[in-house]
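*Asks:* just need the structure, nothing else, for what follows:
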Amino acid sequence: MTSVKTDLQEKLRRLREYSACDVSDALLKLQKPKPGEVARAGYLADIGPQPTGNSTDTLQKVVAPACTLKLVSKNATPDSTPPAENAIPKGSHWVDLTEPGTIVVIDQPQGQMCAAVGGIMAQRMKIRGVAGCIVGGRVRDVAELRDTQLPIFALGKSTVGVGAEARAYARNVRVSITGVDVSPGDIIFCDPLEGVVVIPQGLLDETLSLISKLVTADDKVKEAVLGGMTVAEAFKTFRE
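*Replies:* Numbers count the residues shown, from 1 in each chain. I've put the predicted structure just below:
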């Protein structure tokens, strides 16, 4: 088990050498959208660093496996009951079950105005050793979020607590963030400059293999264009 973890950490270290755009370039070639489906290449649209207003120059990339949380509307009756291993035990709080070294990915129902994460939740995740948090919805307690120094990415902010509209339904199940599926164990690539990209767990090795080739080709294109070559000619020479 230790060797497996060490191997994964080395792969994640190598990934951090690239940008989120590089990752999406690789996924665009590796993933095969269904007929009529728009290629998303893992990109979580409009998910950005929170709190806003900080210089992204001081923020670091965060790359780690996902653990997930699915919220549902407060008064909704889910279609099914989650398996026992995915349920939030009675008397427990989801934040106390978060896993060290992971990025917590929270699926909040679309259109809600409440905050799925606030200062207390962020503080607890930080103490638990969580690497970061992605919220497909809103956050609040901006000053407290900043104080925790936990990397948090979300759609926006709110002043309203989660209890107004939502409740926790299940953990470590497949969720959807801005239309992109995320499964537990998928690799979350948080780039404060470019955005957040999800690498399916089964495509990690292929992504690493392809991404280096694509970046090398693009470096040659840039060098050729700087030397006076047209983009069309450079693409034909180095990309095709």
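*Asks:* next structured bit after the top strand by length along the chain?
*Replies:* In the chain, assigned by DSSP state E, the strand with the most residues is strand 62-73. Of the helices and strands lying after strand 62-73 in sequence (DSSP states H and E), the nearest is strand 103-107.
*Asks:* re earlier: on contacts alone, who are the packing partners of the longest strand of the chain?
*Replies:* Packing partners of strand 62-73 (3 or more Cβ pairs under 8 Å, 6 or more residues apart in numbering; DSSP states H and E): helix 2-15, strand 103-107, strand 132-139, strand 166-171, strand 175-177, strand 187-191. In this view, the C-beta of every residue, glycine as well, is placed from N, C-alpha and C.
*Asks:* if you average pLDDT over each of those, which is lowest?
*Replies:* For these, the weakest mean pLDDT is recorded on helix 2-15, namely a mean of 88.
*Asks:* just the angle for the following helix or strand past it relative to strand 187-191, thanks.
*Replies:* Counting by DSSP H and E, the next helix or strand C-terminal to helix 2-15 is helix 20-30. If you take axes from the mean of the first three to the mean of the last three Cα atoms, to 10 degrees, helix 20-30 sits at 140 degrees to strand 187-191.
*Asks:* which other helices and strands does helix 20-30 contact?
*Replies:* Helix 20-30 makes packing contacts with strand 187-191, strand 195-199, helix 204-226 when contacts are defined by 3+ Cβ pairs under 8 Å, 6+ apart.
*Asks:* cheers, nothing more for now.
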